Each structure stands twice: as C-alpha cells, then as structure tokens.
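Engineer: quick check, what structure comes out for this input:
(4 chains)
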Amino acid sequence: MAVNDVSMHIDRGRIHGLIGPNGAGKSTLFNAMSGLVPISQGSICFEGVDVTHLPVHLRAPRGIRRTFQHVQLMEDRTVLENVLVGMHSSISTNPFKSVFGLGAEGSPDKAAREAAREVLQFLGIGHIALTEMGGLTIAEHRFAELARALVARPRLLLLDEPAAGLSLRSTEALDALLVRIRDEWGATIVLVEHRIDLVLNVSDVVTVLDNGSIIASGRGQDVIEDSGVKRAYLGVDEEE
Amino acid sequence: MGPKLKLRVIGGLFSVALALMCGSASAEVGVTDDTIKIGMFGPLQGKVSLYGYPINNGPIAIYKEINETGGIHGRKIEIVHEDGDCNPQKTAAAVKKLIHQEKVFMIHGGSCSGAVFGGIKEIKDTGIPFMIMAATMDKLATPAVHNIFRPALSGSADGMVMLEFLATMPGVKRIAVVRHSNDWANAKSSKFMAQIASRGIEVVSDEEMERKATDATAQVLRHKKVKPDAVATFLYPAEAALYTRDAAKYGLDVPILGTNSVMDLMDLKKRAGGLGPVKNFYSAAFVQAPMGDFKTAAYRALMTKHFPDDRPQSLNLYGMGGAYAILEALTRAGRDLTREGLISALETLDGTHAGPMTCKLRFTKDQHEGCVGGTMWTLSADGNSIIDVGAAYRAVK
Amino acid sequence: MRISAFFEARWFPALFLLFLLVIPLTTNNYFQFVINLVLCYVLIGFGQQLILGYAGQFSFANAAFMGIGAYTTSIIFTLNVPILIALMAGGLLAALVACLVGLPALRLSRVYLALATIAFGEMTTWILTHWNSVTKGGDGMYSPVPVFFGYSLDTDTERYFLIAIVCFVMVMIAQRMLASKFGRAFIAIRENEMVASCNGINIPLYKTIAFALSGFYAGVGGGLYAIAVNYIVPDNYDLFQLVIHFALVMVGGLGSMYGVIVGALVLTTLPEVLRDFQHYQEMLYGVLLIVFIVFIPRGVAGFLKDWKILPREILVHGWREEIPHVREAAKTAAVFNVGAGAEDRGAEH
Amino acid sequence: MEFFILLSAGLANGGYYALIALGLVLIFKAQDMVQFGHGEVFMVGAFTAYTVFAVVGWPYLVAFIAAVLAATVVGMIVERWLIRPIAHMPHMTLVMVTVGLSFCLKGAARIEWGKDIYTFPSVFKSGPIVIGEVVLMPQQLVLVAFTLSLSVVLYLMFKYTALGKQMKATSQNMTGAQLSGVNIGRVFSSTWAMSGALGGAAGALSAPVLSLLFPDIGTFILLKGFAAAVLGGFGSIVGAVVGGFAVGVMEKFVGFYISTSLEHISAFVIIMLVLIFWPKGLFGTKDVTRV
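Structural biologist: Model (predicted):
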C-alpha cells in the first residue's frame, strides 16, 4: 500500500503510536523506515543523519531495530540463538576475534550470550532461553522477537503489532515493558498496534494514518476526539 | 609377501578386515594347490561401462575355457572382477582391494589410461604382475616397468601405423586431423602429430570433436575449406561414424583414416548409414579380423559359449592376446608358481601365439610392449568383407 | 548418561584425534585408502553443507571447486612448495573463484543459480581439459607424493596422517565458525533474508563469504583428495561427482556438521561394500537422494539426534521456501525525521 | 557457402533443443520448478522409438506414437506418484527429487541398454535433399517443421484455452488458483503429460538424426535444453523455441568460425553470460530474479 506525502517528526525517547485502519499505509511506513521499501520521493532522517538511501543492513548498526507483524523467528533454533542474531552488528567481523576469540576482550560470543540472557531476563522469558521456538506459545514468540530487536540496545525500536495474539495478561506485561524500555533503556519506540487501548496507554504521541496520509497527530486523547479520525477509523471500528 | 602381524585394536569393521588379511598362508599370494587368483578391473558401471564388460569378457571366456580343459598345472583360474569406473579413485580402490583384500596373484585389467594411473603406484610398489588389458597411454609400459606388460598395441604405435600408411599414400601432402580432447585420443595422436612433419606431410587443420557429439558439421566444413589430401581421425567408433557420415554428406571426398578402435568397419558402415560414407575409410588394426569374420570365428564361438546373452563384438578381442600370454607364461613358470617366476616367464615370450592378434607377442627385459606393429584395414568394394591392406598403402579398389 | 553428552564433552576432540591416530594400526592399504577418501569427503562435503545446508544457496559448483583445489594443489606442489602451502593455495584459489561464482548468486533466484553453476561446472572441466600446458589436458596428471618436512609420504598410511590432521583442524575451525556470528548469519539468511538484513546482516557480503568458505573447504578437500588418489583427471569433477556431494549432505543431514561426517562415511564406504552390485549403484544414488529428501529430510544425523545419540546442533528440516524481500511498488513520498530533537541537529552537523 | 550449411545444420539441431526447452518451460510455467529428469524422458522416447522401429520393425509413425505415449506415461507417473505427494514442499526439494529421478532412470536404462551404442536406422530411404550446397536430411526437415508447428499450437493453447489460463494461474499462486476452483491436480497432471509427450516426441524425432543412442544421451541434451530455455527467458514458449534454434545455430557458428573445441562449451558460456548480463533472458517475459 502506498503512502503519499507523509511528514512525521518523532522525538527522541518517546513512544510514538501509529494507528489507522487496515490499508492505511502503516506497514509501508514501517518498511520505509526500516529500509525494506525504497521511497520514491522525500527523505528519512535519523538522529540528524539522512538515511534515505542507506541499505537495510546498515540501518541496524545505527540503532534501528524492528519486529514484524507476523513473528519471524527460526522455529528450529532455541530462543537464545534467535536472540543472538540480533547481536550480529555488535560482534567484530574479524574472524580471529569473533571465531577464535583471540584479542584482548576474549570471546565476543560470551559477551553476546550474556547480553542476550540479560534481555531475556528483563522480558521475563529467561527460563526458556534454551528451548526451541517450535514448542512455544504466541506470547513467548512475541517476546522472543522483541528480545532480538532489543538485545543490541536500539535507539529506535519499530514495533509492528507487538500485542497481536496476546492474552490480556501478556498485553499488560508488554504495556509495562514498553514504558520501561523507554525510560530505562532510553529507546525511541514507534508502535503500530490495533489495540487502541494499549496505544493510548503508553504512547506519548499518536499519529493516525488513513489512505496513505496523516489525518491527525498529537496527544492520545486529543487525537481520539478528532472528528476526522472518528469518521475514518474509529467509527468503522465501532460498527464491526 | 607374507602376512604382517598387526596390532588388534577396537573397531568392529576393521577386525573383520584383519581376519581376512591373516587368512592366506601359501607359498605365494593368490596361489593355492588348485587355483590361481587373477584380479581384473575395468569400467563396469557408469557411462563407460559399454567398453568395460565386452573387453573384460573376452579374456574371461578364455580363462573359463582353459578351466574346462583342466587348468594349468592342475590349477584352475579364479577371476576376481572389480569395478574401476574409468576413474582414478575407483580404479585405485579396485587395485588396492584386489591386492590387499582379495590377495590376487596377478592383475589383468585396465581399459582407461587415465584411470589406470590411479592404481599404478600400488602396482609398482607391490610388484604384482600386471597385464594391461586395453589402456593405451604409452607411459604405462614405456619405458619398461619391471612388473607391467602390455600385449595390445600402444597408443603411439597405433598412431604410427596410421602415419606410416599415410606416408605411403601417393600424393598425400596435406592432411586434416580431428580428435577428442581426452587421454585416449592424446595417447594415439601425440606421437603421430610430432612425427608427421618428418614424413613431409603437413597438418593443415587440427579440429576437436566432443565425445558424444551429435554431428560433425563444423569439423567437416573446416576440413573441406582447407582441401586436405586425407583425413586422420582419432575418434571413438560412434563419433568416427558421425564424422564419416557428415563428410559424405557435405562432399568431403578424401581417404579417412581411423584408429584401431574403429577397426570394426562393418559396424562403422552400419552406423554411418551405408557403404557410401565408409568406402574410402582405412582403420588401423592389430587383430586378424573383426568379430564376425571367418578368421575370428573360433573366438566368436568362445564368446557365445561362455556369454550366451551378449552380442559378440570386436571389443571382445582386445584383451584376448593378454590372456593367451598369461596362460603361456603360467605354463612356462611351472608348478612352483611365484610372481617373480611369472614375470621372468613373460619376458621369455617371443612370437607366442596371441589368439586373435596379428602381432606375435614378444617381451624382453627392456621391452614390455608386446605388440609394436599393426596393419590397416579397409572394406572391400562390395562392402561385405574386410580387406587387410597391410602397413603400406596399396590400391585395392 | 546420554550418549550425546559424550560428544559434547570438552575432552571429546582430543579423544577423537587419538582415535584418528590409532586407525592406521588396524588397516591394510585398501582400507586405509578408503578411510583417506572418507576424510577427504568430510571436507568436500562440508563445503557443500556450508553453501547448501547453512547458507541455503542452491549451488551446483562444488565439484568444480574440488577440481580447482585438486589441480591447484598438485600443480603448485610440483614447484617445490611445501605441501601445506600448496593445499592452502588450492583452497584459496577455489575460494576466490567461488566468490566470483557467488556474484550472480546475489541477484539470481535459486533455480537460476543452479543453472548458472551447472554451466560454470561444465566450463571448469572444459578448461581443465583444454589448458594443456598447465593441467596436462585430458591425460590427467600425477599428484606428486607429498613431502612433509623432508619426509616423503609414500604409502597410504603415511598420507593418512597428513590428511587426518588437516581434516581434523579444518573441522574444528568449521565447528568454531558455525557457532560464531558467521554461522548465525548464514542460517539467518537461509531462514529469512528480510529478517537477516533488518538485524544488520549484510546479505551480499555474507552470501559471498559463504561461497568463499564453501569453495575453500571443497578446494582443500580436493587437494587432499588428489594426494589420496595420486592421479587426477578432469572428467572426475563432473555432474556425477556433484550428485555424490548432494547425496552425502542429504543422507547425512542437511545443515548438520555430524551429518557430513556420517554422510561421508556412508557414501564413501557404501560403493565399496556394494561392489558386487555395481550395476545398481547409479540407481542407488538416485533412490537414496529421493528417499532422504522426501521422507528423511533431516538425514541420518537427525535420527541420531532424536535418539539422543548425537548432540543437538543446527539441523534443517528440508529446504526452506524462498522468502522474498519485501519490495512493494513504492509510490512513497514521505519525510521522516526520527529521534532528533531540534537541539541535536546543530551539534551533529 | 558454408554460412547456409551451418545455418541449416544448426537449425536442425536447434529443433530438438527447442523441443526439450519447451518441455522444461511447460513444467516451469505450471509448477515453477526445473525438471532435471527431463533428459531421461527424452531418452525413454528415443529408446522406445528404437525398440519399436529397429527391433520390432514396425513403421516409423507407430514408433513415434509409441515413443510419445511411453514418455507421456512416464511423465504422468512421475507427477502422480513422485511429485504430487510432495508438491507443497519447497521448490528446491522438488528440483532435487528430479535430480535423483534422473539418476534412477539413467541407471535403470543402463541395465538394459548400457552395453552398446545403438544405431537408429534411417527412416527415409530417399537420400538427402540438396539445395545448392545446403544438404538436409528429410528427417531434419520433419523435425524442424514439427517443432515450429507444435510451438504455435502451444502458444495458442496458453493464450486461448482454459487449461492454459489455469496453468498460468496455478504457477503464480497455487493456493489462490485452488481456491478459485482450479483443479490443480488436473493441471499438474496435464502439464507433466504434455511435457512428457514433448520430450518423447523430441526423442523419437531426433533419434534418427542423432542416429546413435546410449543411456547418457538425455543428460547431454538436457544441458543444451537448459541453455535454450535460459536464453529464451525460462517461462516463455516463443523464447524457448527461438532460444533452441539460436543455441543450435550458434554452436555451429562458433565451431566453424572460431574453434571446434569451443563448440560444445558455447551453450554453457551462453547460460553464464545471459544470467549475468540479461537475467531476464534475451526474449524473457518473466523476471528471473523474482524478488
């Protein structure tokens, strides 16, 4: 779905909610920010640097990480191994260091494992670190993917419907975690979510997209009150 | 070589091997009171198997026949047949298996030169008598290696037969060549190419033909363009048939020479689609006649007797000379058979009957190429029989 | 105690090395030769495993890399270069060529990569056959007897020690490498290129690395193979050789290190054991391939893992679907300014 | 004039390259996979024709029909019993299975036919047709005419018949086609049957031209078929035919004008060059990179 003439400013250290009906262009916007979709016009600036033409894999080391609407994990690998993929750009590419552990720091893999364990503890799934993904619940998948995005200490975290398929309890846990990630880890979060309550609870700023354009942006409650938003999105939602 | 005492260590598979190894206890490896074990290898599977069985079955028929008449000095010949797949790895494994596992007395085998080199080191190291079956590369037996003998025409000798013949053809000054790019064609053509200038003949075109090519248009046209007086082909029978067929088709009407592998001219006639294309074809040969001719009727009978399901073909004749040489040497070496005894006996062979071969086999200490000369054949005018035109060209038609 | 714990123990590599060194005491030349081949095929199979099992690239070029390694090692060694350096040179040249072959892989889908690499394989055999001055053409050439610190390795047993030690070291390196970020990157690419790139994995770079490593292992394996067989011919590195590599990886277990060892053991000894059924060998390879791909996609190693005989490691359950890059027709016109407070902008410029 | 001789010889060879490429393209169009066993389907056709014509001694037309039928049956059996049960698996699995199949069939053929190179007798007793310096065997003309007319039929079929449209739909989205009521089993079955028939026809028609038959013949010709299909941009009927003729002619031109040692390898150089520089094929309609 195309996005047209969208201009957004996302402040550092905030949680930025992004809502809109299906097909509003949220995913395209996300893909554009993480670099999976090239944009034909316009620009993307991250921390003052123009990253418009930066390839996907070079955005990650700058601190941009994301999760996916449909969880993308290696099902026959353990949680820990999945999370370690997120550490890729934090480990030296020099094979002498990363493969044989030669160098002053010792094996970088050990440090990576510790970081991964720490993140898993933080997300409350430390106990399943060595379990293969295949047998785990949806919530554990969601959190494992979040851990993979989080393990490299991103400065911008793009979360694509992190609560989809979660139970109420898990959603509440996620709710609290997002706030902690913002406050304790200092990450900027962009959140695309269908559950309006979650978005309103945690977001500092909410932007509403419809038909590829922004129709409203501001504090959560203000946006919800906006008549255009109600008509385009919430109105439809309530009828369902 | 007696059995070596070896340490027994864990490892189920290997202890079986050990048991097998420690088995033999007779005076000479592979010889018992009533058997002599002869190892044989060749391409028995894969894309070259079509040369493997027919060649190896020739000698096998002879060995079977001699067993029926009571064997040699009361010993029957026992054949151990291994696959070499025309590949050095498989051949090395086959040779090593024959020597160390099957404990054969001697080896008679090898049809692909390149592959035989995979096993040649083991053969040299162990000193086991080795009679080459049909591999033609010169350096296998020249200069002479103590325990390696070749009864068939070597590759360069084959080429030289063709060269001598060309040199006697009137008015042949410029020839065209077409050959494969493999070990087989190199063995046959390298000396030919090196020596041809010394006979006042110029090679005006040297073309390559892929094995299993499907037509020879480009080669024939390139040859036709330079207007050669004759063409020398170093091609397998199937490709030689394609070349002659296309040469006739595009009007390249000059004498064409082939190696002894194409000596089955009747077969060539059939493959090239009739007498027309092969009227002017000459092939080198070192046997009396191809399979099917009355001169080789005895060998044909031998083949149909022992291999009733197989079509007797000229390939059967290739290794028969070696089999007769082995049988003669085994007889001469006497009842107290040793490997060295056999080698000495082989070196006494001089003008021995060599089955269907025209060559009389002769081995000496320094000469382990048993057959150094060949003849040339062509088809008669009616295309129904093969004429031996000898080593020098004479107009028969 | 689970048997698999035995393999995971710290002292296992030392024990395994000891085992390798004891083997020659129990063999004759024939068995020794077959064991030498098994070890060569471990490395060669590992090259195939890296590219196919780990990085998920459908490459048909490994037989050619093996040939390049075999020829380079043999040719360089005739120049009186130490054998280990000759082996490395063979591996490095194969790796270099593999990098070049890998380049089209960056833009071709799997099926086209397969066709391109088949073509490359044919061209390699052609060059080996026609470059007479260097490769001796279709005649093939001797691979010289290796000399190791002045000691000539003449017999199969002596060669075995060279082969076993090189093989052991290379396998250990491979094992370390696959447990490192490189191995994880290969697997991530195989599983999902999109996710891999979002996690900072440079896909073209790591695909190229995978090709190079695969070429390197196939090359060194080919060099050792040349030493083991001691005569090399161009025809040996054709499509059939490649099917052996594929079968080895599939039978052993796609994406499994132990699988390569199991596969090399099975597929090198099987033809020797089944010498009496030579007629059916070609069919056997075909049937093995089909049966393992369809019914036992995780190979023998997968079974052994389920029975807790082998430890858990990277094992692929058959091939993955190609997951394409997200590349929607982006009629996107947008301006984003992320994570920069107005106060930072001046500072960062 | 050599040029025309080479051209005609090349076109004659190109005829069966094109037929092979067509068989490959058909399966690729319906199932998005490459059939590595197609060479053996060709071999089955060639040997069936040989058996019926040369061994049994029935007329060539009967032999041709028998060959087409035999190869069609092989194609359908392979589809029904080997490919369909695993159709949902990744394409690479399917491709690898066909590689295994190729070795099975070749190995099986070798048990019966492995001991000799068989000679297919010429079909037309009349000699070659001579036009100026160009010499053509009648069989070659038949082959080329058959290839051309068949490609027209196939082209029309894909464009206008329901089956053609269903094949297209299935290859693009198997589940989608299934949901919209396409009987995909029937589509696959008919695709493989048609591909088999093409392979068998190619075998039967080219056997008298090649005249020499052996179990490996399929592998040899399959690789040329790949080159033709790649050149034509895998997935295009017209491309496959043009690609086939182009590869055939180019081989002869390279052989004559450059060097005969390059004749065989030129097809592979083409595959490499095309895939590197024109990933869509010279006549391609389908994107090879498939992002």
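Engineer: how about the helices in the chain?
Structural biologist: Reading this off chain A. Remark: helices assigned in chain A by DSSP state H are A:26-34, A:56-59, A:79-85, A:95-98, A:108-122, A:138-150, A:168-185, A:196-202, A:220-225, A:227-229, A:235-239.
Engineer: I was after chain D.
Structural biologist: Using DSSP H, helices in chain D cover D:2-31, D:38-50, D:60-77, D:91-113, D:138-160, D:162-172, D:174-179, D:184-210, D:217-231, D:237-253, D:266-277.
Engineer: how near is residue B:133 to residue B:91?
Structural biologist: Using Cβ to Cβ, to the nearest Å, one obtains 12 Å as the distance from residue B:133 to residue B:91. For glycine as for every other residue, the C-beta is placed from the backbone atoms N, C-alpha and C.
Engineer: so for the two, which sits in the more crowded spot?
Structural biologist: The residue with more neighbours, out of residue B:133 and residue B:91, is residue B:91; 32 against 27, by other Cβ atoms under 10 Å in any protein chain shown.
Engineer: and the more buried one, what pLDDT?
Structural biologist: If you check residue B:91, the pLDDT there is 91.
Engineer: shouldn't it be in contact with residue B:115?
Structural biologist: Yes: here residue B:91 reaches residue B:115: they are 4.2 Å apart, a contact under Cβ atoms under 8 Å.
Engineer: which neighbours do the two share?
Structural biologist: Listed contacts common to residue B:91 and residue B:115 are B:84-85; contacts here mean Cβ atoms under 8 Å, 6 or more residues apart in numbering or on different chains.
Engineer: a markdown table for the helices of chain D, including distance to chain C, mean pLDDT and mean neighbour count?
Structural biologist: Conversion of those to a markdown table gives the following (distance: least, Cβ to the nearest Cβ, whole Å; pLDDT from 0 to 100; neighbours: other Cβ atoms under 10 Å in any protein chain shown):
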| stretch | distance to chain C | mean pLDDT | mean neighbour count |
| --- | --- | --- | --- |
| helix D:2-31 | 8 | 89 | 26 |
| helix D:38-50 | 10 | 94 | 29 |
| helix D:60-77 | 14 | 94 | 21 |
| helix D:91-113 | 3 | 86 | 22 |
| helix D:138-160 | 20 | 88 | 17 |
| helix D:162-172 | 13 | 79 | 18 |
| helix D:174-179 | 12 | 77 | 14 |
| helix D:184-210 | 16 | 89 | 25 |
| helix D:217-231 | 5 | 88 | 28 |
| helix D:237-253 | 12 | 91 | 25 |
| helix D:266-277 | 4 | 85 | 20 |
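Engineer: tabulate these (TSV), appending distance to chain B.
Structural biologist: TSV is the format used below for the helices of chain D (distance: least, Cβ to the nearest Cβ, whole Å):
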stretch	distance to chain B
helix D:2-31	4
helix D:38-50	12
helix D:60-77	15
helix D:91-113	7
helix D:138-160	10
helix D:162-172	31
helix D:174-179	37
helix D:184-210	5
helix D:217-231	5
helix D:237-253	5
helix D:266-277	11
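Engineer: distance to residue B:251 added to the ones you listed, as a markdown table?
Structural biologist: Below are the helices of chain D laid out as a markdown table (distance: least, Cβ to Cβ, whole Å):
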| stretch | distance to residue B:251 |
| --- | --- |
| helix D:2-31 | 10 |
| helix D:38-50 | 29 |
| helix D:60-77 | 27 |
| helix D:91-113 | 34 |
| helix D:138-160 | 17 |
| helix D:162-172 | 46 |
| helix D:174-179 | 56 |
| helix D:184-210 | 19 |
| helix D:217-231 | 27 |
| helix D:237-253 | 17 |
| helix D:266-277 | 26 |
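Engineer: coming back round to it: now render the helices of chain A as TSV, adding mean neighbour count, distance to chain D and mean pLDDT.
Structural biologist: As requested, the helices of chain A are exported to TSV (neighbours: other Cβ atoms under 10 Å in any protein chain shown; distance: least, Cβ to the nearest Cβ, whole Å; pLDDT from 0 to 100):
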stretch	mean neighbour count	distance to chain D	mean pLDDT
helix A:26-34	24	14	81
helix A:56-59	21	14	87
helix A:79-85	25	21	90
helix A:95-98	16	29	76
helix A:108-122	18	30	86
helix A:138-150	23	22	90
helix A:168-185	16	31	87
helix A:196-202	18	32	83
helix A:220-225	16	37	76
helix A:227-229	14	35	71
helix A:235-239	10	27	48
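Engineer: please identify which of those helices is closest to residue B:145.
Structural biologist: For the helices of chain A, distance to residue B:145 was read as Cβ to Cβ. The smallest value, 48.5 Å, belongs to helix A:95-98.
Engineer: and the contacts of that closest one?
Structural biologist: Under Cβ under 8 Å, 6+ apart, the answer for helix A:95-98 is A:91-92, A:102-103, A:105, A:108-109, C:177, C:180-182.
Engineer: if we can go back for a sec, overlap in contacts of residue B:133 and residue B:91?
Structural biologist: The contact lists of residue B:133 and residue B:91 share residue B:110, where a contact means Cβ under 8 Å, 6+ apart.
Engineer: any idea which element the most centrally placed residue in chain C lies in?
Structural biologist: Using Cα atoms, centre = their mean, the residue of chain C that lies closest to the mean C-alpha position is residue C:47, 0.8 Å off. Using DSSP states H and E, residue C:47 sits in helix C:29-48.
Engineer: what do you get for residue B:289?
Structural biologist: Using DSSP H and E, residue B:289 falls outside every helix and strand.
Engineer: what's around it, how many residues?
Structural biologist: Quick note: residue B:289 (other Cβ under 10 Å) scores 22 neighbours.
Engineer: wait, what's in contact with it?
Structural biologist: B:295-296, B:356, B:386.
Engineer: from what I can see residue C:73 touches residue C:92, true?
Structural biologist: No: at 10.6 Å, residue C:73 does not count as touching residue C:92 under the criterion of Cβ under 8 Å.
Engineer: neighbour count: these two, which is higher?
Structural biologist: residue C:73 (33 against 17).
Engineer: in three-state terms, label the more buried one for me.
Structural biologist: Taken by DSSP: H, G, I helix; E, B strand; the rest coil, the conformation at residue C:73 corresponds to helix.
Engineer: which residues does it contact?
Structural biologist: C:86-87, C:89-90, C:143, C:219, C:222-223, C:226-227.
Engineer: save the residues you listed as a markdown table, and put in distance to residue C:274 too.
Structural biologist: Shown next, in a markdown table, are the contacts of residue C:73 (distance: Cβ to Cβ, whole Å):
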| residue | distance to residue C:274 |
| --- | --- |
| C:86 | 34 |
| C:87 | 31 |
| C:89 | 36 |
| C:90 | 31 |
| C:143 | 27 |
| C:219 | 29 |
| C:222 | 25 |
| C:223 | 28 |
| C:226 | 25 |
| C:227 | 26 |
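Engineer: show the pLDDT at residue B:14.
Structural biologist: Reading off the model, residue B:14 has pLDDT 46.
Engineer: same question, residue B:22
Structural biologist: Residue B:22 is given a pLDDT of 45.
Engineer: and what of the one 3 residues further on?
Structural biologist: Among the per-residue scores, residue B:25 holds a pLDDT of 42.
Engineer: same check, this time on residue A:127
Structural biologist: In this model, residue A:127 carries a pLDDT of 88.
Engineer: if I look at it, how far off is chain D?
Structural biologist: Here residue A:127 is placed at a distance of 34 Å from chain D (Cβ to the nearest Cβ, to the nearest Å).
Engineer: kindly report the same for residue C:298.
Structural biologist: In terms of Cβ to the nearest Cβ, residue C:298 sits 13 Å off from chain D.
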